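Engineer: Just need the structure, nothing else, for what follows:
(one chain, ligands or ions: 1)
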Amino acid sequence: MATDKRHIALIGFMASGKSTVGVRLARVLGRRFVDIDEEIASAHGPIEKIFTRQGESAFRRHESRAIAAALARKEPSVIATGGGAPTDARTRTLLAERSYRIFLSVSVERIERRLRRAKAPRPMLGENPTHNQILELYERRLPYYREAEFTLECNGLRERAICDALVAHVADPNEGTIRECAQ
Ligand code: S3P
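Structural biologist: Got it, this is the predicted structure:
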């Protein structure tokens, strides 16, 4: 599996650490880092406004195009996708065909704690989502995340350990020091 020549797409639920881990991973691998939410915001304005003014389906179109543009670049990069990206069929196909998908798996309890601490609310969940709303969205998305080529169980791991595990995996996909989740 030639992970060294492919774009790496980090996928997973909101607040699972895709951007923070992605920045670090890209630096260690000497690759360009692309944050899809930032690409969308710089082309179309703040994400919350896109959701309120144009709705989710417009956001998914922008997201799909931003991901297609990132994947069209020749030099392999590290791409942090938004939590809902794999729910869109076009985006899913793009990611499956042109990237090596890594699912950062974080328990819903941890995600909930992080979301409650976050300053800006996530448009998909609104101001004060209930536990059941978060859980329901998480469970609905899990099958898409599980399509990833590799899943890293991140619970209890610090950002640095996550990055080290991913670097080891990219260097040797059979690397045994990391736990691959049961799919
Ligand atoms: C979304 C997640 C967000 C952002 C947008 C929609 C989602 O990204 O793309 O608010 O549908 O889960 P993060 O996963 O970085 O929070």
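Engineer: Now residue 68. Nearest residue, chain neighbours left out?
Structural biologist: Nearest non-adjacent residue to residue 68, counting by Cβ to Cβ, 6 or more residues apart in numbering: residue 94, 5.6 Å away. All C-beta spots, glycine's among them, are computed from the backbone N, C-alpha and C.
Engineer: pLDDT score for the residue lying farthest from the centre of the chain?
Structural biologist: Residue farthest from the centre of the chain, counting by Cα atoms, centre = their mean, is residue 53 at 24.2 Å. We have a pLDDT of 97 for residue 53.
Engineer: List the beta-bridge partners for the closest residue to residue 150 other than its chain neighbours.
Structural biologist: Excluding its sequence neighbours, the residue lying closest to residue 150 (Cβ to Cβ, 6+ apart) is residue 102, at 5.1 Å. For residue 102, the beta-bridge assignment (DSSP bridges) gives partners residue 10, residue 150.
Engineer: quick one: contacts for residue 102?
Structural biologist: Neighbour list for residue 102: 8, 9, 10, 11, 148, 149, 150, 151, 152, 166, 169 [criterion: Cβ atoms under 8 Å, 6 or more residues apart in numbering].
Engineer: Just give me the neighbour total for the second one.
Structural biologist: Counted by other Cβ atoms under 10 Å, the residues lying close to residue 9 total 31.
Engineer: Would you agree it is in contact with residue 79?
Structural biologist: Yes - counting by Cβ atoms under 8 Å, residue 9 sits close enough to residue 79 to count as a contact (4.8 Å).
Engineer: quick one, what contacts the residue lying closest to residue 19 once chain neighbours are set aside?
Structural biologist: Closest residue in space to residue 19, ignoring its immediate chain neighbours: residue 80 at 4.5 Å, by Cβ to Cβ, 6+ apart. Residues near residue 80 by Cβ under 8 Å, 6+ apart: 10, 18, 19, 21, 22, 33, 34, 35, 36, 37.
Engineer: quick revisit: count the neighbours of the residue nearest to residue 68 for me.
Structural biologist: Neighbour count of residue 94, defined by other Cβ under 10 Å: 20.
Engineer: And for the one 10 residues further on?
Structural biologist: By the other Cβ under 10 Å criterion, the neighbourhood of residue 104 contains 23 residues.
Engineer: picking that back up, distance of the residue farthest from the centre of the chain relative to the ligand?
Structural biologist: For residue 53, the distance to the ligand equals 14 Å [Cβ to the nearest ligand atom, to the nearest Å].
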